[in-house]
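J.: here you go, sequence then predicted model.
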Amino acid sequence: MRPSDITVKEAELHLVEMPPARATLKFGAATRSSDKPDLRRGGFIPHVRVRLENGSGRSAIGWGAIPIGVAWSWPISEATDEIRSEAMVQLMREFCRLATETHPSGHPLEVFHDLESELAALSRKACAAVGLDEAMPYLASLISLSPLDAAIHDGFGNVNGMDTYAGYGAEFMGDLEHHLGPAFQGKYLSQYLRPAYRPWIPVFHLVGGADKLLRSEVEESDPRDGIPNSLDAWIEQDRLFCLKVKLSGTDLQWDLERTLAVEAVAREVQGQQGISELHLTTDMNEQAPGPDYIVEFLHRLRERRPSAFEALLYVEQPTERDLSRHRFDMRPIAALKPVIADESLMTISDFDLALELGWTGVALKTCKCHSHAVLCVAKAEAVGAPYMVQDLTNTGLGLIHSVGLAARSNTMMGVEANSRQFRPAWNQPEAKVHPHTFQPVDGQVSTETFGDTGLGYRVSEIDREAFRG
């Protein structure tokens, strides 16, 4: 056992209450609104606290916090959102129980491997516990493991008195062959990650399918809390230059007009503020029937307005998440713009299949487990595939964690961080310690306030009840 190796001594799940979102988010075929502060509307954020010991006998605490995201991770079911959410919470409890009883040990990647091997069995047990007679999708199971996995990585850095990312070299872990195959013999995560956080990185603002673009569209029913309700106001406030546009994937004309409208509003407001840089991405959340739809969309976008086409960085997950179902050839899209897999990416095998089918790169999310994300960074860097770090409306510690991952890697542009749009009030305790991680300056968020150990949260300074005692 290496002196830095950790043993999980305790793991506890805390459900931290969260008020309704201030605005509606429409994506794909779903709409998440703020009208009910219950499980279906995201009425809490799961936090996991672990106590770890290292090989030298030191003890420390680690934290992880990831939203459930049932509408995204488990969209098709006979059960209600509430029952599915309960099943995912039950799985979180099962993982915490397993870790507390079996005391897994080693490097965090090794602990992740041990815990992930129990995922299928524990998922079945969790579903049975809530009376659900169907299987939990693998993606939902990964989300249920992710707060514990994040807490273990955070605690690993804390117990060893170092930045977690500094513990990804040969001194602290075995090579990547076990995780990524023979091509990674003698290779370590530290070779693919930045040695320090980028102090500032561009932030992607989410333009939902129902979002208002202009102040003139704002209605009396919209929130009156001093926070923007339209895209033009957001750009003015945050000096944004990166926008992620949610599209339908089912109405080509609407998708085209929406993209053009977003670009037009952005260019006009940016021109008034002296901002010349604009980057767009589009996300159809699996709704497009096939690659031909996207190819036509891109051709028509270029014909209608070359500037909008040039501003488009990539197309995200336009088609179904099951890559093997139709085995769509994505090369015609990739010949025009990079096409990035998101919901399709759950395992390293998924990554390999995506590349085989012509996808250009991948979207990483901490909700798919930090361990999985850093392994995908190594894989992407090794094969030259572009990647992004994206969001699940991460709040609080989850946003600090996600921004940190993006700042330690070489993302295509920056990081998505949209909880400032939907749950800014909930973020206030963490934002007081890390103000510009949560509030952009000149279209960028900052890591300059991150701590020197763990994932940089500085939990002891955050005035949130869950962290006391």
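T.: Now that the structure is in, tell me what you want to look at. Treat the numbers as computed from the prediction; the structure is a model and nothing was measured.

J.: from here on, contacts and neighbour counts on C-alpha atoms
T.: Will do.

J.: the stretch 151-300 of the chain: strands as residue ranges?
T.: In the stretch 151-300 of the chain, the strands defined using DSSP state E, counting those that start in this stretch lie at 200-207, 242-246, 279-283.

J.: tell me which other helices or strands the second one touches.
T.: If I follow you right, that is strand 242-246. Packing partners of strand 242-246 (3 or more C-alpha pairs under 8 Å, 6 or more residues apart in numbering; DSSP states H and E): strand 200-207, strand 279-283.

J.: partner strands of the last one and their direction?
T.: In this case it means strand 279-283. Here strand 279-283 has these sheet partners by DSSP bridges: strand 242-246 (parallel), strand 312-316 (parallel).

J.: secondary structure element for the closest residue to Met88 other than its chain neighbours?
T.: Ranked by C-alpha to C-alpha, 6 or more residues apart in numbering and with sequence neighbours excluded, the top spatial neighbour of Met88 is Ser144, at 5.7 Å. Element membership for Ser144, per DSSP states H and E: helix 138-159.

J.: now that helix: mean pLDDT?
T.: Averaged over helix 138-159, pLDDT sits at 98.

J.: go on, stretch 17-26?
T.: Averaging pLDDT along stretch 17-26 gives 82.

J.: just the buried residues of it, please?
T.: Within stretch 17-26, the residues scored as buried using 16 or more other C-alpha atoms under 10 Å are 18-26.

J.: can you list the strands of the stretch 151-300 of the chain in a markdown table and add distance to Tyr138, mean pLDDT and mean neighbour count?
T.: Shown next, in a markdown table, are the strands of the stretch 151-300 of the chain (distance: least, C-alpha to C-alpha, whole Å; pLDDT from 0 to 100; neighbours: other C-alpha atoms under 10 Å):
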| stretch | distance to Tyr138 | mean pLDDT | mean neighbour count |
| --- | --- | --- | --- |
| strand 200-207 | 26 | 98 | 24 |
| strand 242-246 | 24 | 98 | 25 |
| strand 279-283 | 22 | 98 | 21 |
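
J.: what's the closest of the ones you listed to Leu355?
T.: Leu355 sits nearest to strand 279-283 of all the strands of the stretch 151-300 of the chain, at 19.0 Å, using C-alpha to C-alpha.

J.: give me the contacts around the closest one.
T.: By C-alpha atoms under 8 Å, 6 or more residues apart in numbering, the residues outside strand 279-283 that reach it are 241-247, 263, 308, 311-318.

J.: do that again at 10 Å, thanks
T.: 27-28, 204-208, 240-249, 255, 259, 262-263, 266, 308-319, 339-340, 342, 413 (C-alpha atoms under 10 Å, 6 or more residues apart in numbering).

J.: ok, Lys337 touching Leu313?
T.: Yes: using C-alpha atoms under 10 Å, Lys337 is in contact with Leu313, at 7.1 Å.

J.: buried residues of stretch 252-272, list them for me.
T.: For stretch 252-272, burial by neighbour count (16+ other C-alpha under 10 Å) applies to 252, 255-256, 258-260, 262-267, 269-270.

J.: low-confidence stretches in this structure?
T.: For the chain, applying pLDDT under 70 flags the ranges 26-42, 469.

J.: OK, contacts around Leu115?
T.: The contact partners of Leu115, by C-alpha under 10 Å, 6+ apart, come to 95-96, 98-99, 104, 109, 122, 145, 148-149.

J.: what do you get for Gly361?
T.: Taking C-alpha under 10 Å, 6+ apart as the criterion, Gly361 is in contact with 314, 316, 334, 338-342, 351, 354-355, 380, 383-388, 412.

J.: go again with 8 Å.
T.: Shown in contact with Gly361 (C-alpha under 8 Å, 6+ apart): 338-341, 355, 380, 385-387.

J.: now do the phi/psi pair for it.
T.: The phi/psi pair for Gly361 (degrees, to the nearest 10) reads phi -160, psi -160.

J.: repeat that for Ile45.
T.: Main-chain dihedrals, Ile45, degrees, to the nearest 10: phi -120, psi 120.

J.: which strand residues bridge it?
T.: Beta-bridge partners, per DSSP bridges, of Ile45: Val16.

J.: go ahead and confirm it touches Ala65.
T.: Yes: counting by C-alpha atoms under 8 Å, Ala65 is a contact partner of Ile45 at 6.9 Å.

J.: in this structure Ala378 contacts Lys187, no?
T.: No: in this structure, Ala378 is not within contact of Lys187 by C-alpha under 8 Å, at 9.2 Å.

J.: neighbour count for the two, which is higher?
T.: Shown here are Ala378 and Lys187; by other C-alpha atoms under 10 Å, Ala378 has more neighbours (22 against 18).

J.: what's the closest non-adjacent residue to that one?
T.: Leaving aside its sequence neighbours, Ala378 sits nearest to Tyr192 (C-alpha to C-alpha, 6+ apart; 5.3 Å).

J.: and the gap between that neighbour and Arg2?
T.: According to C-alpha to C-alpha, to the nearest Å, Tyr192 and Arg2 sit 22 Å apart.

J.: now do stretch 125-132: distance to the chain's middle.
T.: 26 Å (C-alpha atoms, centre = their mean, to the nearest Å).

J.: may I have that stretch exported as CSV, CA atoms only?
T.: C-alpha atoms of stretch 125-132 as CSV (Å, rounded to 0.1, in the frame of the first residue of the first chain):
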residue,chain,number,x,y,z
LYS,A,125,-31.6,-3.7,-5.2
ALA,A,126,-32.4,0.1,-5.1
CYS,A,127,-35.2,-0.2,-7.6
ALA,A,128,-36.7,-3.1,-5.7
ALA,A,129,-36.6,-1.1,-2.5
VAL,A,130,-38.9,1.6,-3.9
GLY,A,131,-41.2,-0.9,-5.6
LEU,A,132,-40.0,-0.2,-9.1
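
J.: may I see the buried residues of it?
T.: Applying 16+ other C-alpha under 10 Å to stretch 125-132 flags 125-127, 132 as buried.

J.: ok, stretch 171-182 next?
T.: Using 16+ other C-alpha under 10 Å as the test for burial, stretch 171-182 gives 172-176, 179-180.

J.: which ones among those residues are found in helices?
T.: For those, the ones inside helices are 179-180, with DSSP state H as the criterion.

J.: tell me which of the strands of the stretch 151-300 of the chain sits nearest to Thr395.
T.: Judging those by C-alpha to C-alpha, what sits closest to Thr395 is strand 200-207, at 14.7 Å.
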